[in-house]
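K.L.:
Got a predicted structure here, sequence first:
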Amino acid sequence: MESADSDLFDTAAVERSASEFEVDPAALTQRLADHQAAVEELPGVENIVYEWRKQYEDPLIERTAGVYYLRVPSTVWDEFGDALGVGDAMLGAVVDVHRRTVSTASGVSSTPPDGVAYVALDRTL
């Protein structure tokens with residue numbers, strides 16, 4: 001899988017999450033890129049957001065020219081984790097970077113409601 005070239009995630013957020021989940025920051029950065037590339041490859045960012053908007057209640061937090069900020073059932077991350085083939089610590093770190101990114105950019109609570117997770121998807125890839 002080709003890595004996505006995205007500036008979506010703040011380096012400090014990646015480093016904080018890597019430290020908290022005890023994973024390598026470079027490996028975390030690569031998994032974040034792999035996730036963005038996987039979404040872009042199949043089914044595509046615009047298509048997955050469209051599907052989530054039909055499937056889930058009010059998933060769109062904010063849309064900018066470059067990014068979708070979303071709230072989805074936390075089970076979505078289980079599927080992404082399986083697709084990425086990562087362990088619990090790395091998946092936790094990936095989810096945490098997304099949480100930090102969405103809450104910082106959109107102003108939503110840094111702690112999503114129970115059963116909900118945040119996802120940031122780059123629209124420019």
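P.N.:
Cool, the structure landed.
K.L.:
Which residues are in contact with A18?
P.N.:
D24, P25, L28, A93 (CB atoms under 8 Å, 6 or more residues apart in numbering). The C-beta positions use only the backbone N, C-alpha and C, and glycine is treated the same way.
K.L.:
my bad, should have said A93
P.N.:
Neighbouring residues of A93 by CB under 8 Å, 6+ apart: S17, A18, E20, F21, V23, L28, R31.
K.L.:
The residues you listed into a markdown table, with extra columns for pLDDT and distance to D78?
P.N.:
What follows is these, written out as a markdown table (pLDDT from 0 to 100; distance: CB to CB, whole Å):
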| residue | pLDDT | distance to D78 |
| --- | --- | --- |
| S17 | 98 | 18 |
| A18 | 98 | 21 |
| E20 | 98 | 20 |
| F21 | 98 | 16 |
| V23 | 98 | 18 |
| L28 | 98 | 18 |
| R31 | 97 | 15 |
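K.L.:
Mark which of these are buried, thanks.
P.N.:
Among these, those classed as buried by 16 or more other CB atoms under 10 Å are S17, A18, F21, V23, L28, R31.
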